[in-house]
Each structure stands twice: as structure tokens, then as C-alpha cells.
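**Q** here is my input; please provide its structure:
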Amino acid sequence: MSLSKPAVKRKVGDEHRQFQEKWGVQYFFVEHRGTPTCLIYTEKVAVHKEYNLKRNCTTRHAEEYEKYQGDERANQVASLKTRLLRQQDLFKKATKDSNAAVKASYAVCELIDPVLSDPKWLMDLAFLVDITHDLNVLNKKLQGQGQLVSAAYDNVRAFCTKLVLWKAQLSQTNLCHFPACKALVDAGTPFSGEKYAEAISKLQEEFDHRFADFKTHKATFQIFADPFSFDVQDAPPELQMELIDLQCNSALKAKFREVSGEADKLGQFLRELTPSFPELSRRFKRTMCLFGSTYLCEKLFSTLNFNKSKYRSRLTDEHLQALLRVSTASSLKPNVTM
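**A** As a prediction, this is how the structure comes out:
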């Protein structure tokens, strides 16, 4: 009894199949890096076999590209080849740029490595991180719509008080409010409290210079914030008599407590004081006219840039003025009776 030999399995690589140039025009394929690639969908076919290319063409784009014949079909294939080459060039450029960026980052690391190893520089950076964080918190408090100048004064005064505390704590190497510095100290980095206490002193001087007007109007802001608890003896002489009458008015005092903490209602209350408080009313209105922040100015310029664009070149100055007035006056309410 004879046994038949098992069939030897063919390998695709042993068949030495090659891409035929005619397949490009027939099936919209091109050989790219040794692999047949569809010019339309950039799909790849693993085997150089006409049946596979034809099946891909028939199932994917035969109906759409069947209308191209002869020279028109050849031109279409050439156009698709050019597009494919451009895409590959773009990928090569992106890879080249990426490699250049990596090399540049290594070069920068070599340059800054001595700096990052300097404990004094690291501590300076940590202190800058901590103090900048606190300044950003203050900056956000001073922004926003409907910000009264008295509220801004309270926030600045609170920050100046914090500076006094931080200066004393830094002199004693107390870093409870400086987490970045504390992390370095815990890791063994030396810390000079007097050096950073001096930096806080310079920051105090800068705040005193920049907000000098606040100190000039300190009494006015305090009366505006709470006229019922302000010491009459510290008030200007022209306000003392009216202030006593106001503090002894139980009805107004109760109404003030109700609106306290709400900027809109508080402003409405102070604007509508009875005629028996003319000097206080004048002083309150003057205080409310002060801008607590540059929010309205920034909003106005943003609105101006949005409306006065190249697509709306026919806007006149009158139109633009009306647009700005309506868009920035968010508190306007239509006076319509039904």
C-alpha cells in the first residue's frame, strides 16, 4: 500500500508576483513601497494579484469612476498619484520636524541642566510659584461684572494684611502658606527666610504705591460699605449729622441688613435714600460711579472688534454706537406694557 505525499503549501513570496503598470489605469492602484495601494482610499492589498485589485475596485469605487475612460481616466490616475505623493511628503516633513524638535529639546535640557541643579535657583522658582498663585487669586477677585470699588478695596486691603503675615512667617521659616517652598525644604534644600521676607517688603511697597488712592478714600469706602456701623467721629464733618440720623433710623437699618451682600440691591438702596440725607446720597452716588475694574472697558473693546469686522464694512458710526450701547448695557430692561 503506497502513501501519497502531502501537498506542499505554496508561499506567496516564492511566486515572485510583480505589480503590472496597467493595473493603475484599470483599477486605480499603484505600487507604493512594494505594496499595491488604492489611489482613492489609500487602502493596501497584501498580495500582487489582479483578482484582489479588481475585487477592491469593483466593490469600492467602480460605479463612481467608471465614467472616466481613455485619456481622461489616465489623467485621473496621474492626479491621484500626485495627491498620494504630496501626502507622503507631508508625513515625511512632519516626521522631520518632530525629530528636529526632539533634538532641540535635548539641547535645551543640556543647557538648563546646571540651572535646574542649583538649589538657590530652585528655591527662587518655588517662591515665585507660591506668590504668583496668590496674586492670581487676588486678580480674579478684582475682575467681573458689577464689581463695586468698595469690594475691590476690601480685597486689596485683605491681601496687604496677608503680606504682613507672610513677611513675619518667612522670617521665622514658617512655610505653611508656601507649599512649593515647603516641599523643597522638606527635601533638604536650604532656605533663607530673610531673603524672601525682603521680597515681600518690596511687594508691599509696590502695593502701597499702586493703590495709594484707596488710602485717601478709605473713610468714604468704609461708610459706603456699612454706614450703620461706622464711627461718626471718624466721618467728615459734613456727613456726621446725617450719619447719626441714618444710624438711628431702625427701618432703614433693617432694610440695609436685608440687601447687605447683594451688590445690585445695595446700590439701589443707597441710591434711593430719602431727601433728608442729601450729602450722604451725593457721596454714595459718587462712589458707585467709580469703576471697580476694567471689565466694562475690556468688554466694550471686545464687542467693538466683533462687530466692526471686514464682513460688516457698511456699518456707520451711528450704527456702531447703537450696537455698543445695547450690547454693553446688560442691565437695560424693556419698558413695555401689555
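**Q** can you spell out which helices and strands pack onto the host helix or strand of residue 84?
**A** Using DSSP states H and E, residue 84 sits in helix 70-116. Contacts defined by 3 or more Cβ pairs under 8 Å, 6 or more residues apart in numbering; DSSP states H and E place helix 70-116 against helix 22-27, strand 29-32. Using the backbone N, CA and C atoms, a C-beta is placed for each residue, glycine as well.
**Q** now with 10 Å, please.
**A** On a contact count with 3 or more Cβ pairs under 10 Å, 6 or more residues apart in numbering; DSSP states H and E, helix 70-116 meets helix 22-27, strand 29-32, strand 35-38, helix 62-65, helix 119-141.
**Q** with respect to residue 83, which of these lies nearest?
**A** Judged by Cβ to Cβ, the one of the helices and strands packed on helix 70-116 that comes nearest to residue 83 is strand 29-32, at 11.0 Å.
**Q** circling back: mean pLDDT for the helices and strands packed on helix 70-116 - can I get that in JSON lines?
**A** As requested, these are exported to JSON lines (pLDDT from 0 to 100):
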{"stretch": "helix 22-27", "mean pLDDT": "67"}
{"stretch": "strand 29-32", "mean pLDDT": "70"}
{"stretch": "strand 35-38", "mean pLDDT": "75"}
{"stretch": "helix 62-65", "mean pLDDT": "64"}
{"stretch": "helix 119-141", "mean pLDDT": "93"}
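**Q** and those as TSV, adding distance to residue 255 and mean neighbour count?
**A** What follows is the helices and strands packed on helix 70-116, written out as TSV (distance: least, Cβ to Cβ, whole Å; neighbours: other Cβ atoms under 10 Å):
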stretch	distance to residue 255	mean neighbour count
helix 22-27	86	18
strand 29-32	82	20
strand 35-38	79	19
helix 62-65	77	12
helix 119-141	27	15
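**Q** and the ones you listed: which comes nearest residue 211?
**A** Between residue 211 and these, the shortest gap by Cβ to Cβ is with helix 119-141, which sits at 11.3 Å.
**Q** residues in contact with the closest one?
**A** 112, 114-116, 118, 147, 151-152, 154-156, 158-159, 162-163, 166, 170, 175, 177-185, 187-192, 195-196, 199-200, 203, 207, 293 (Cβ atoms under 10 Å, 6 or more residues apart in numbering).
**Q** give me that answer again for 6 Å
**A** Around helix 119-141, the neighbours that count as contacts under Cβ atoms under 6 Å, 6 or more residues apart in numbering are 115, 155, 159, 178, 180, 181, 184, 189, 196.
**Q** taking those residues, tell me the two that lie furthest apart.
**A** The largest separation in those, counting by Cβ to Cβ, is between 115 and 155 at 35.7 Å.
**Q** neighbour-wise, which of those two wins?
**A** The residue with more neighbours, out of residue 115 and residue 155, is residue 155; 17 against 10, by other Cβ atoms under 10 Å.
**Q** separation between that one and residue 134?
**A** Separation of residue 155 from residue 134 (Cβ to Cβ, to the nearest Å): 12 Å.
**Q** now do residue 98
**A** 38 Å.
**Q** can I get the contacts of helix 119-141 in JSON lines including pLDDT and secondary structure?
**A** Putting those into JSON lines (pLDDT from 0 to 100; DSSP: H, G, I helix; E, B strand; the rest coil) gives the following:
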{"residue": "115", "pLDDT": "72", "secondary structure": "helix"}
{"residue": "155", "pLDDT": "91", "secondary structure": "helix"}
{"residue": "159", "pLDDT": "96", "secondary structure": "helix"}
{"residue": "178", "pLDDT": "96", "secondary structure": "coil"}
{"residue": "180", "pLDDT": "95", "secondary structure": "helix"}
{"residue": "181", "pLDDT": "95", "secondary structure": "helix"}
{"residue": "184", "pLDDT": "94", "secondary structure": "helix"}
{"residue": "189", "pLDDT": "92", "secondary structure": "coil"}
{"residue": "196", "pLDDT": "95", "secondary structure": "helix"}
